[in-house]
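*Asks:* here are the coordinates; sequence isn't available:
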C-alpha cells in the first residue's frame, strides 16, 4: 500500500511565496492609474503589444473611459487576432481544449503573439531555461531576414543540407542571390558604402545557414545582437518588427518590472491591485473573503507547526471543505461566532 503523499510546512510556505512572485510578475507590471490608449506599439500587458484600451470609443457608446475620455471612434492600430475569439495556435482550438486528450504546454510567439501548442511548432522544444523567446515558423517565413540571424544567434536547429552533384554551385549561387534580394532591397543597397559596419551583412558574409522550417527559440539578450544601422532599422520598420530592437519589450522585462515594483511597494497585494474595476461592494466582499481565508489558513498551518506535524493532502482538502461550509452558512444568514 502506497504511503499518502505529504508536504511539510516549509513546502507550503515556499509554494505560497512562488505563487505570490508569479502574481507580482503578471499583475504588478500593469498600471491601473493610466489608460493604455496612448501606448499602442509598446508591450502593454504580459502578452499583448498590439492592443490598447477600447472602452469609450464607438464600440462601447454607453461606456466612458475614466482615465482617457478623449479617444478616436475606432482604434485603427489595434490588431484583433483569433485569440480575441478564444482560439489559439495553428489548430485554432480553445484553451483549455475539452476535446484534446493531450496535455501540452502552449508557448507564445513574440512577433504575432499567438499561443501555440509545443507539438505544433514544427520543432523540438529545447530543454533550456535560457531560451526566453520563440518566433513561430509563420512569422519567420514572413520576414526571411530572421533566418540569417537564427543561423548565428538562435538555438541550434537542423543544418541546411548540402547540394551535391552537377549544378550544385549554380543552385547555391541562386539561393544566395535570392536571400540578398530579400534582405537587401534596392533602396537599401545604395547605402552599402555609407554603412560598412552593418552587422547583418557581416553575418551574411559568414555563410552559415540553417533549414528554414519550424519555430525558432532565441536566448536571453539576442535582441542586442541585431543590427541597428539605418538600413536595418528601416527594413525592420517596414516589416513591423521595430520592437525587436527594444530589449525592454520582452515579457521577461515586463515580469521583472512587476517584481521590482512589488518589492518597492511592500504590503501591496497583487490580487488587491486587480480589483480596481469592481464596484465598492464587490471589492469589500472579495477583500473580506480573501483576508478571512488567509487568516484561517495561517491559523490552520500554525497548529501543525506547533505540534511538529506535516500537512497531508487530506488535511488541505478538509480545510477547504470547512471553508466552503463556512461560506454556505454565511450566505444563508445562519453563521454565528462560537
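*Replies:* Noted; the coordinates are in hand. Here the structure is a predicted model, which means the values were calculated and not measured.

*Asks:* going forward, measure contacts and count neighbours with C-alpha atoms only.
*Replies:* Noted.

*Asks:* quick one: buried residues of the host helix or strand of residue 281?
*Replies:* Here residue 281 sits within helix 280-307, counting by DSSP states H and E. In terms of neighbour count (16 or more other CA atoms under 10 Å), helix 280-307 has its buried residues at 283, 301.

*Asks:* How about stretch 199-212?
*Replies:* Buried residues in stretch 199-212 (16+ other CA under 10 Å): 199-201, 203-204, 209-210, 212.

*Asks:* Would you map the strands across the stretch 1-150 of the chain?
*Replies:* 6-7, 106-108, 115-117, 133-135 (DSSP state E, counting those that start in this stretch).

*Asks:* can you put the ones you listed in CSV and add mean neighbour count?
*Replies:* Formatted as CSV, the strands of the stretch 1-150 of the chain follow (neighbours: other CA atoms under 10 Å):
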stretch, mean neighbour count
strand 6-7, 13
strand 106-108, 18
strand 115-117, 20
strand 133-135, 21
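
*Asks:* Relative to residue 321, which of these is closest?
*Replies:* strand 6-7 (18.5 Å; CA to CA).

*Asks:* what's the least confident stretch among the strands of the stretch 1-150 of the chain?
*Replies:* The weakest mean pLDDT among the strands of the stretch 1-150 of the chain belongs to strand 6-7, with a mean of 59.

*Asks:* Show the model's pLDDT score for residue 94.
*Replies:* pLDDT, residue 94: 92.

*Asks:* Hmm, residue 86 and it touching each other?
*Replies:* Yes - contact criterion CA atoms under 8 Å: residue 94 and residue 86 qualify, at 5.6 Å.

*Asks:* more crowded one of the two?
*Replies:* Relative neighbour count places residue 94 above the other of residue 94 and residue 86, with 15 against 12, counting by other CA atoms under 10 Å.

*Asks:* re earlier: quick check: what element follows the helix holding residue 281 along the chain?
*Replies:* strand 311-312.

*Asks:* which other helices and strands contact that following strand?
*Replies:* Here strand 311-312 touches strand 6-7, going by 3 or more CA pairs under 8 Å, 6 or more residues apart in numbering; DSSP states H and E.

*Asks:* So which residues of the chain form helices?
*Replies:* 9-27, 137-142, 145-153, 168-183, 186-189, 199-206, 230-238, 251-264, 270-273, 280-307, 313-331 (DSSP state H).

*Asks:* Just give me the lowest mean pLDDT stretch among these.
*Replies:* Minimum mean pLDDT among those: helix 168-183, a mean of 44.

*Asks:* Next up, the contacts around residue 60.
*Replies:* residue 54 (CA atoms under 8 Å, 6 or more residues apart in numbering).

*Asks:* gap between it and residue 53?
*Replies:* 11 Å (CA to CA, to the nearest Å).

*Asks:* before we move on, back to that, report the angle between the helix holding residue 281 and helix 313-331.
*Replies:* 140 degrees (axes from the mean of the first three to the mean of the last three CA atoms, to 10 degrees).

*Asks:* Tell me which other helices or strands helix 280-307 touches.
*Replies:* Using 3+ CA pairs under 8 Å, 6+ apart: helix 280-307 touches helix 9-27, helix 313-331.
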